[in-house]
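Asks: Return atomic coordinates for the entry below.
(2 chains)
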Amino acid sequence: MELKRLSKSFKKGEFALSEIDFMLQRGEIVGLVGPNGAGKTTLMKVLSGLIVTYDGEFVHDSVKVGSLIEKPKFFPSKSGAYNIKYFCALNGASTKQVDEVVQSLGMAPYLKKKVKHYSLGMKQRLGIALALVSNPDYLILDEPTNGMDPDGIRNILSYLKRLVEERNIGLLISSHILEDVENISDRVYVIKNGAIISEYTGKQVERILSITLSNQDRQKAVAILSQRWDVTHNGAEVSVLSEDVKSVLKELAEEGIYPENVEKKQATLEDFYFEQMESEAT
Amino acid sequence: MNVGKFLGLELKRNVISLPLFLSIGLSLALGSGIIYSIHELGGPFQPRNVAGLYATIAMVALGIYSAKVVVADLHHGTIYLLFSSTGDRITFLVSRLVVMGAVSTLFGIGCGVLLYVNHVLNGQAFSWSDVGVAILHYVLFGLFFTLLFFVISMFYQKTMNIMIIALVTILVLPGILGMVQMVESLPAFAREFIGHLPLYTLTNTIGFLAMEGYDMMITVFVSLGLFAFAFIKLPKVDY
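Replies: Next up, the predicted model:
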C-alpha cells in the first residue's frame, strides 16, 4: 500500500493530511506516532477504505484490510462469541480459524459474556480478533493496547509480531506509548499537523550523553553546549546529542563546570520523537 | 463479504427481535380494542377504524425501525468493519432494504390479520386483497423512510439526532405540511405539490389504507430516485 502526495481536508483550507508519502509492505510492521489531532486516525481511515475522497494517489492491489480504528467496534448487547461468529460468517471464515486468535489473545473465558460488560482491555482484544477474521493482507491498529495491563500489552505485541511473520501481514500500528511502538516496529513514521515530518528506522539512532549538573551551572552549560551540539534538558539532566565525551567535558571544564554525573545512552524513539517535535515547533 | 450470509444474518438479527414483536403486539392490542368494541359493545366502527388504530402504534414503530436499521451500525461503529470496499457498501444499502422489506411486511400482515379477525368475529367486509393492500402500504412506508434516513445518514452521521429527525419527520412534519396546505394564499400548484409528497401522503393514508394509485406511483419513483442517489453517492462518502 502506498500513498503518494495524498492530501485530505474536511474544511476548506484546513488539511487533516497534507501531501503524505507513505508506504506499507506485507511482512513489515510500521509504527505511526504523533500528537493528538496530528492526522493518524485520518491516515488510517484512508488506508482502511473508510475515507475515499482525497487529493493525491492511493496505490494498492485489491487487498483485504482489517482495522481497529479509534475504539473497538462490535454489537455491545451481544456476546463476544456472537460477534466473532457474526463477522466470521460475513467473511466466509469458520470460527475454528479464529480459535487460535481467541486463545492467543486470552479471550476464551470471556466469550459468553455480553461485550458491554467487558473491560476496556478485553474490548480491545475483541476488536483485534474481529479485525483478523477476514484473514487480512494488511492490519491497521489504532492504539490496540489501550486499557491493557503490562502483561496484556506484552502478550499482544508479541502475538502481533508472530502474526506478521507467520501470515505475511503488513501491520500499521499507532500508540502513544513510544517504547511499545519502537519495540515492535521495523520503522516508524512521525506525523504532525497532517504531515509526515520524519521516518525513524533505528539506523539514525545516535549516542547521547546524559549529564547531571548542579542548579547554578545548568543554564550556563546549556548555553555553551548548544553552540556545538543539539541539547535538551529536563530537570537536573542535560542531554547532548554526541558520543564524544572528551570534547563535551573539555568545553565545560574550560568554563569551570564539572558535572556530577555523565552517562552514555542510546537515543530512543522517544528522544527522536521529542527532538522532531521541538525542531518543528521552532 | 459473503452477500448471502450477510443478508441472512441481518434478517435474523433484525427480524427476530423482541422490540419488533412487542411493537407489532402492541399495535395488534390497540386494533383489537376496536374489534372488541364492535363485538361486545356494538361500537359504531368500520374495518378502516380497526386498521387506523393499529396504525397509530405501527406507523411510529415502523418509522423508528426504519431509522434504527440505518443508524445502528453507525452508532456501534460496526460500519467500519463492513465498509472496506465499494461492493460492501452497496451490499449494506441493499441489506437495509431487504431487512425493512421483511419488517414492513410483518407489520402489513399484522394489519391484515386484524382485519380478518374483525371479519370473522363481527362479519364486517373483508377480502384477501385487503391483506395485500395493507402489506403494500406498510412496505412502501418502510422502504421510503429507510431510504430517506439512509440518504440523510450519508451526510449527517450523528446517530441520536437522526433518530430525533425520524420522529419529527413521521409525527410532526405531516401536521405542519397539512397546516401549510390550509394557508389560503398558497398557490394551487404548491398545495397540489404538498398533497402528493410521500412524506405527507404515506403518513396520512397508512391508517385507513387509502393511498391512491397516483400517490403510490409517486412514492415508488421518489424511492427509486433516493436509491439511485444513494447507490451512486455511497461509494464516495467518507466514514
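
Asks: contact partners of the strand or helix carrying B:Ile194?
Replies: Element membership of B:Ile194, judged by DSSP states H and E, is helix B:188-195. Here helix B:188-195 makes contact (C-beta atoms under 8 Å, 6 or more residues apart in numbering or on different chains) with B:177, B:180-181, B:200-201. C-betas here are computed from N, CA, C, even on glycine.

Asks: Now with 10 Å, please.
Replies: For helix B:188-195, the surrounding residues in contact (C-beta atoms under 10 Å, 6 or more residues apart in numbering or on different chains) are B:176-178, B:180-184, B:186-187, B:200-201, B:204, B:215.

Asks: Next secondary structure element downstream of the helix or strand of chain B with the lowest mean pLDDT?
Replies: Here the helix or strand of chain B ranked lowest by mean pLDDT, DSSP states H and E is helix B:79-82, holding a mean of 85. Note on helix B:79-82: by DSSP H and E, the next helix or strand toward the C-terminus is helix B:86-122.

Asks: residues of that following helix that come out buried?
Replies: By neighbour count on 16 or more other C-beta atoms under 10 Å in any protein chain shown, the buried set for helix B:86-122 is B:88-89, B:91-93, B:95-97, B:99-100, B:102-108, B:110-115, B:117-119, B:122.

Asks: What helices and strands are in contact with the following helix or strand past that helix?
Replies: Sequence order places helix B:128-155 as the next helix or strand after helix B:86-122, per DSSP H and E. Contacts defined by 3 or more C-beta pairs under 10 Å, 6 or more residues apart in numbering or on different chains; DSSP states H and E place helix B:128-155 against helix B:47-76, helix B:86-122, helix B:159-167, helix B:198-205, helix B:213-233.

Asks: Contact residues of the stretch 101-250 of chain A facing chain B?
Replies: Within reach of chain B by C-beta under 10 Å from any C-beta of the partner chain, the stretch 101-250 of chain A has these residues: A:115, A:127, A:130-131, A:133-134, A:136.

Asks: Now, these that are in helices?
Replies: Of those, the ones assigned to helices by DSSP state H are A:127, A:130-131.

Asks: Which one of the residues you listed is nearest to chain B?
Replies: Taking C-beta to the nearest C-beta as the measure, chain B lies nearest A:Leu130 of those, at 6.1 Å.

Asks: The closest one and A:Ile153: what is the separation?
Replies: Computed as C-beta to C-beta, to the nearest Å, the A:Leu130 to A:Ile153 distance reads 19 Å.

Asks: near chain A, from the buried residues of helix B:86-122?
Replies: Answer for the buried residues of helix B:86-122 near chain A (C-beta under 10 Å from any C-beta): B:88-89, B:91.

Asks: Include distance to A:Glu2 and pLDDT when you put the residues you listed into TSV, please.
Replies: Converted to TSV, these look like this (distance: C-beta to C-beta, whole Å; pLDDT from 0 to 100):
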residue	distance to A:Glu2	pLDDT
B:Asp88	22	86
B:Arg89	23	92
B:Thr91	27	91
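
Asks: Smallest gap between chain B and chain A, at which residue?
Replies: B:Gly77 (3.6 Å).

Asks: Look at A:Gln204 and report its pLDDT.
Replies: As predicted, A:Gln204 sits at a pLDDT of 58.

Asks: same question, B:Val139
Replies: pLDDT at B:Val139 comes out at 98.

Asks: can you count the residues close to it?
Replies: B:Val139 has 19 neighbours, counted by other C-beta atoms under 10 Å in any protein chain shown.

Asks: ok, the closest residue to it other than its chain neighbours - contacts?
Replies: Excluding the flanking residues, the one nearest B:Val139 by C-beta to C-beta, 6 or more residues apart in numbering or on different chains is B:Ser104, at 4.4 Å. By C-beta under 10 Å, 6+ apart, B:Ser104 lies in contact with B:58, B:62, B:65-66, B:135-146.

Asks: Just the pLDDT for B:Ser104.
Replies: 97.

Asks: One more: the one 5 residues further on?
Replies: The score at B:Ile109 is 97. That number is its pLDDT.

Asks: State the distance from the residue of chain B closest to chain A to A:Ser242.
Replies: 48 Å.

Asks: Distance-wise, check the closest residue to A:Arg167 other than its chain neighbours relative to A:Met1.
Replies: Nearest residue to A:Arg167 in three dimensions, chain neighbours excluded: A:Asn135, at 7.7 Å (C-beta to C-beta, 6+ apart). Applying C-beta to C-beta, the value for A:Asn135 to A:Met1 is 17 Å.

Asks: Between those two, tell me which one has more neighbours.
Replies: Using other C-beta under 10 Å as the criterion, A:Asn135 and A:Met1 rank with A:Met1 on top: 21 against 14.

Asks: what's near enough to touch the more buried one?
Replies: A:22-26, A:30, A:46-47, A:58-61, A:63, A:65, A:137-138, A:140, A:170, A:172.

Asks: cutoff 6 Å now
Replies: A:24, A:60 (C-beta atoms under 6 Å, 6 or more residues apart in numbering or on different chains).

Asks: Report how many residues lie close to A:Gln103.
Replies: A:Gln103: 10 neighbours (other C-beta under 10 Å).

Asks: Where does it fall, secondary structure wise?
Replies: Counting by DSSP H and E, A:Gln103 is part of helix A:95-104.

Asks: For that helix, buried residues please.
Replies: A:98, A:101-102, A:104.

Asks: Can you pick out the most distant pair from the residues you listed?
Replies: Maximum pairwise distance among the buried residues of helix A:95-104 (C-beta to C-beta): 10.3 Å, between A:Val98 and A:Ser104.

Asks: Pull up the gap between A:Glu237 and A:Leu120, please.
Replies: 34 Å.

Asks: And for B:Ser17?
Replies: From B:Ser17 over to A:Leu120 the distance is 28 Å, taken as C-beta to C-beta.

Asks: what does the average pLDDT come to for the helix holding B:Ile194?
Replies: On average, helix B:188-195 scores 94.

Asks: Then stretch A:115-123?
Replies: 91.

Asks: Buried residues in stretch B:21-37, which are they?
Replies: Buried-residue list, stretch B:21-37, by 16+ other C-beta under 10 Å: B:23-24, B:27-28, B:30-32, B:34-35, B:37.

Asks: which residues are contacting it?
Replies: B:43, B:45, B:49-50, B:53-54, B:57-58, B:61, B:110, B:114, B:118.

Asks: Send me it as PDB with only the CA atoms.
Replies: Taking C-alpha atoms only, stretch B:21-37 is exported to PDB below (Å, rounded to 0.1, in the frame of the first residue of the first chain):
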ATOM      1  CA  PHE B  21     -42.600  -8.300  18.200                       C
ATOM      2  CA  LEU B  22     -43.600  -6.000  21.100                       C
ATOM      3  CA  SER B  23     -44.400  -3.200  18.800                       C
ATOM      4  CA  ILE B  24     -46.500  -5.400  16.500                       C
ATOM      5  CA  GLY B  25     -48.100  -6.900  19.600                       C
ATOM      6  CA  LEU B  26     -49.000  -3.500  20.900                       C
ATOM      7  CA  SER B  27     -50.400  -2.400  17.600                       C
ATOM      8  CA  LEU B  28     -52.500  -5.600  17.500                       C
ATOM      9  CA  ALA B  29     -53.700  -5.000  21.000                       C
ATOM     10  CA  LEU B  30     -54.800  -1.500  20.100                       C
ATOM     11  CA  GLY B  31     -56.600  -2.600  16.900                       C
ATOM     12  CA  SER B  32     -58.200  -5.500  18.900                       C
ATOM     13  CA  GLY B  33     -59.700  -2.900  21.200                       C
ATOM     14  CA  ILE B  34     -61.900  -1.700  18.300                       C
ATOM     15  CA  ILE B  35     -62.800  -5.200  17.300                       C
ATOM     16  CA  TYR B  36     -63.800  -5.900  20.900                       C
ATOM     17  CA  SER B  37     -65.800  -2.700  20.900                       C
END
